[in-house]
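Colleague: A structural model of the following input is requested.
(chains A and B)
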Amino acid sequence: MTATPVPARAAAPRPRRYVNRDQVLAILVVMPSIVATAIFVYGFIGWTLRVSLSNWTGLMPDYSFAGLRQYLELARDARFAIDVRNTAVFTTIFLTSCLALGLFLAILLDQKLKGENFFRSVFLFPMAISFIVTGVVWRWLMNPATGTRITGINLLFQQLGLGALISRWHLTDPPWGIAFVAVPAVWQMAGFTMALYLGGLRAISEDLREAARVDGASEFQMYRYVIMPLLNPVTLSAVIILGHISLKIFDLIVAISQNNIALDVPGVYMWRATFDANNYGRGAAIGIIMLLTIAVLIVPYLVYSMRSEEQQ
Amino acid sequence: MIRKLSTTIALLIVVALLAACGGAAPAGADQVEVFSWWTGGGEAAGLDAMIKIFAAEYPKTEFINAAVAGGAGTNARAVLASRLQAGDPPDSWQAHAGQEIIGTYVAAGQIEPLNSLFEEEGFGKVMPATLLPLISKGDQIYSVPVNIHRANVMWTNPALLAELGVQVPTTWDEFFTACETVEAAGKICLSMGEQWTAMHLMEVVLLGELGPDAYNALWDGSGDWGSAEVTAALGTYAEVLKHVNSDAAGLTWQDASQLVANGDAAFNIMGDWCDGYFSGTAEGGNLGLVPGEGYGWAPPPGTDGTFQFLSDSFTLAKGAPHAEGALAWLKTAGSKAGQEAFNPVKGSICARTDCDATLFNAYLQTAMADWASDRVVGSLTHGVTANDTWKNEINTALGLFLTDTNRNVEAFQSALVAAAAAYPNK
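Modeller: Predicted structure coming up:
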């Protein structure tokens, strides 16, 4: 805009007006998305909250006020207890494995090895696939059949003479079945975590490493005391991004679990309660609980990043 | 320049709005909009065959096929729910006959009774008398069944049974004895798949152990879910589950029935859509077996003489935009010509008992004979006996039971009692 010659000349006597026009234009341009967000995000959050406080069961809306009944029922609901436990196990394994594997791969790739671009793409590619596809393929790979029907990874183990590793995978008795569902999720997202860390590593100046080496730090000490602290903001972003994926995971579970309650998570229960059981009140209550859980993770991050922006 | 930009933005918005509205069908003219989840395979082909009959009978009425793909109807039901909540019903839609319609759409006041249509067209006279109460609320009939599937069928591998010298069991005790022989030979006795197939198995065991009267009483509110008979039946079910494949939860129903076809398993209890999978052509992704040779069938233990049915049926929307077209469609859907066009292609039998048997294969002919003579009861898994909310509570209770390594029948039964008390059929 400022490059346009005509307003630049006229601007000289009254510069503020043009700032205002820019602002008006900016607001105009942003307006549609503000309106859309207000309606389709915040409006519907409010509506979901209202439904979660109602008795709505059945096809047609019933907004009669039920207080916290839906929430209290969920607190006693054995299925929801499984959902919470599964989410906890899944999130723990998914987060720690992604962070550890991502950091490890990033440090390896940061060693200025040949063909870095190739490896970076290889590790990032799984991210290009939808969770549904990942889920279906991994359901086949993790087939727990034994004997003559053995297949997938178990067959690979058998052929390699690693029979001890043959497992029932995601059909392992609860609560560990869900831990195996985290395997494809890690496979898919570890490359992304690696890319985040690689970006962080590249931003650390070579001078710092040199200085550490000159001061006599071993390679390990350099990573432990110089690099890792500098990567903290990256770790935080990764935790936020992976954490919210994990807390609202739906598609991967649907594709792998086939409505098996041992592998149920809140996202799946919300869908089933709402559209299969016409239990809209319960579905909405699950949705609100999921929103609050994710808010616990996201809000401190938003506050933190706003503060650091101000400091800058 | 700013003006230009804002004009452009305004124009873009207008264009976007126009594009969004462009999808709506032009009003007026004779039409009927029919909503279903038949978008692929034999179902879509069967629907097309029935639409052809409709077009010949009502050439002036335009047929709008509002089928929604995905999720075995789950997506379509979500779309339908949002349309009904917005007051924009299709003229007629597909739903499973029974409580799935009565507990959901009738309870919400969304569909019209069809008694006069049944009288005019004489549908009641050509359908089994025990069927009508299962698709009615009080005296009001609410849907036209187009096809019938049988839920209580036990599929067998005749070659494997002959090799092992095992007879097809007619009681659960005989079944357990047969399992000993089968399992001693290193085979799976009963193949099962993901969770809904476990529910399917449960309803068949309940029917076989309780008998049709006590089974029906569980659903109409006169029976007691907490009774000792139910405890015993659930105990049998827990016992049956000990003889299923260990990877059941990882398999689809096709995977499970394929185990029987391949000779890995002796038995499989599944609805008679299996017949289409067994006997259909290999090019169509089926197994291409000969009925009676590649696969056999029998009523599961204790259910001989009972036909546990499910049915796709069509409704008349309350306030249907084209009620006349919808009634015309329902006449075709219930007619002999319409059902004879649809069912051989879909791989199911007619809801009418007067269809031409020569159009159907060997299995379906036996099903037709049973449909005309057997006592008819409804399927739980497929929407006939319990409303959706109740059915989902049962599904959750069952899921917890399957998850429980100790198979605590007592806890399972009390969850079923609670579900029946909380969400009974209205």
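Colleague: Spell out for me which residue occupies the centre of chain A.
Modeller: Centre of chain A computed as the mean C-alpha position; nearest residue by C-alpha atoms, centre = their mean is residue A:245, 2.2 Å away.
Colleague: you'd agree it is up against residue A:189?
Modeller: Yes: applying C-beta atoms under 8 Å as the test, residue A:245 and residue A:189 come out as touching, 7.1 Å apart. C-beta here means a position set from N, CA and C on the backbone, and glycine is covered the same way.
Colleague: what about the chain, any weak spots by pLDDT?
Modeller: All of this refers to chain A. In the predicted model of chain A, residues A:1-19, A:312 satisfy pLDDT under 70.
Colleague: switch to chain B, that's the one I care about
Modeller: Ranges of chain B meeting pLDDT under 70: B:1-29, B:70-72.
Colleague: Pick out the residue of it closest to chain A.
Modeller: residue B:399 (2.6 Å; C-beta to the nearest C-beta).
Colleague: what's the closest non-adjacent residue to that residue?
Modeller: Using C-beta to C-beta, 6 or more residues apart in numbering or on different chains and skipping the chain neighbours, the partner closest in space to residue B:399 is residue A:261 (2.6 Å).
Colleague: and residue A:46, what helix or strand is that in?
Modeller: helix A:44-52 (DSSP states H and E).
Colleague: Need the contact partners of that helix.
Modeller: Residues from elsewhere that reach helix A:44-52 (C-beta atoms under 8 Å, 6 or more residues apart in numbering or on different chains): A:63, A:70, A:71, A:280, A:281, A:284, A:285, A:287, A:288, A:291.
Colleague: out of the residues you listed, what pair is the most spread apart?
Modeller: Greatest spatial distance among the contacts of helix A:44-52 (C-beta to C-beta): A:63 and A:291, at 19.7 Å.
Colleague: Compare these two (neighbour count), which wins?
Modeller: Neighbour count, other C-beta atoms under 10 Å in any protein chain shown: between residue A:63 and residue A:291, residue A:291 has more, with 16 against 12.
Colleague: separation between the closest residue to that one other than its chain neighbours and residue A:303?
Modeller: Distances taken as C-beta to C-beta, 6+ apart place residue A:45 nearest to residue A:291, at 6.8 Å, with adjacent residues excluded. Per C-beta to C-beta, to the nearest Å, residue A:45 is found 19 Å from residue A:303.
Colleague: Who has more neighbours out of the two?
Modeller: Of the pair residue A:45 and residue A:303, residue A:45 is the one with more neighbours under other C-beta under 10 Å, namely 13 against 10.
Colleague: which ones are touching the residue nearest to residue B:396 when sequence neighbours are not counted?
Modeller: Distances taken as C-beta to C-beta, 6+ apart put residue A:79 closest to residue B:396, at 4.8 Å, once the chain neighbours are dropped. Listed by C-beta under 8 Å, 6+ apart, the contact set of residue A:79 reads A:261, A:264, A:269, B:396, B:399, B:400.
Colleague: Over to residue A:79: give its phi and psi.
Modeller: phi -70, psi -40 (degrees, to the nearest 10).
Colleague: what sits against the residue of chain A found nearest chain B?
Modeller: Going by C-beta to the nearest C-beta, chain B is nearest to residue A:261 of chain A, at 2.6 Å. Contacts for residue A:261 were tallied using C-beta under 8 Å, 6+ apart; they are A:79, A:82, B:195, B:395, B:396, B:399, B:400, B:402, B:403.
Colleague: Would you mind measuring from it to residue B:195?
Modeller: Distance from residue A:261 to residue B:195, by C-beta to C-beta: 7 Å.
Colleague: Give the residues shared as contacts by those two.
Modeller: Overlap of the contact sets of residue A:261 and residue B:195 (by C-beta under 8 Å, 6+ apart) consists of B:395, B:399, B:402.
Colleague: any chance of the residues you listed in CSV, plus secondary structure, neighbour count and distance to residue A:185?
Modeller: CSV is the format used below for those (DSSP: H, G, I helix; E, B strand; the rest coil; neighbours: other C-beta atoms under 10 Å in any protein chain shown; distance: C-beta to C-beta, whole Å):
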residue, secondary structure, neighbour count, distance to residue A:185
B:395, helix, 23, 25
B:399, helix, 23, 22
B:402, helix, 20, 24
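Colleague: I'd assumed residue B:352 was in contact with residue B:147.
Modeller: No: using C-beta under 8 Å, residue B:147 makes no contact with residue B:352, being 10.2 Å away.
Colleague: wait, is residue B:155 part of a strand?
Modeller: Yes: with DSSP: H, G, I helix; E, B strand; the rest coil as the criterion, residue B:155 is part of a strand.
Colleague: Helix, strand or coil: sort out the residue nearest to it when sequence neighbours are not counted for me.
Modeller: Leaving aside its sequence neighbours, residue B:155 sits nearest to residue B:268 (C-beta to C-beta, 6+ apart; 4.6 Å). What three-state DSSP gives for residue B:268 is strand.
Colleague: how about the strands of the stretch 1-150 of chain A, start to end?
Modeller: Taking DSSP state E, counting those that start in this stretch as the criterion, the stretch 1-150 of chain A contains no strands.
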